[in-house]
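> Pasting the sequence and the predicted coordinates here, then a few questions.
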Amino acid sequence: MTWAEASTPSLRRALVALCITEITSWGVLHYAFPVLLVHLASATGWPSSLAMAAFSSGLVVAALAGCRSVGCWTGMVHAGS
């Protein structure tokens, strides 16, 4: 597929929709957790700092796992080209 073929209006609309969806979902994830932190801490008995540390650690682990898996996949796909 060439750049001219990929830049059709329908694909641009799909890209804009995907971008808006991603921004909204990450915003909901990151802003909802601090709002629910008080309820989570009281329900589990954990201190708020421990719950926030667990959330942050989960984000770091997800980022590392994603980078390693995507990096490996990209290396395999583009190694032959």
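Looks like it came in fine. Only a predicted model underlies this, so the values are computations on that prediction, with no experimental measurement involved. Numbers count the residues shown, from 1 in each chain.

> Below-threshold pLDDT in the protein: ranges please.
Applying pLDDT under 70 to the chain flags the ranges 1-7, 71-81.

> Can you tell me the centre-most residue of it?
Centroid check for the chain by C-alpha atoms, centre = their mean gives W26 as the closest residue, at 6.3 Å.

> Which element, helix or strand, includes that one?
Using DSSP states H and E, W26 maps to helix 9-44.

> For the residue nearest to L40 when sequence neighbours are not counted, give me its contacts.
In space, and not counting its chain neighbours, L40 is closest to A51: 5.5 Å by C-beta to C-beta, 6 or more residues apart in numbering. (C-beta placed from N, C-alpha, C; glycine too.) Contact analysis of A51 by C-beta atoms under 8 Å, 6 or more residues apart in numbering lists 37, 40-41, 44.

> Just the C-alphas of stretch 35-46, formatted as CSV.
The C-alpha coordinates for stretch 35-46 follow below in CSV (Å, rounded to 0.1, in the frame of the first residue of the first chain):
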residue,chain,number,x,y,z
VAL,A,35,-10.8,9.1,42.7
LEU,A,36,-11.4,5.5,43.8
LEU,A,37,-8.3,5.2,45.8
VAL,A,38,-9.9,6.2,49.1
HIS,A,39,-12.6,3.6,48.7
LEU,A,40,-10.1,1.0,47.6
ALA,A,41,-7.9,1.6,50.6
SER,A,42,-10.7,1.5,53.1
ALA,A,43,-12.1,-1.7,51.5
THR,A,44,-8.8,-3.6,51.5
GLY,A,45,-7.2,-2.0,54.6
TRP,A,46,-4.2,-1.0,52.6
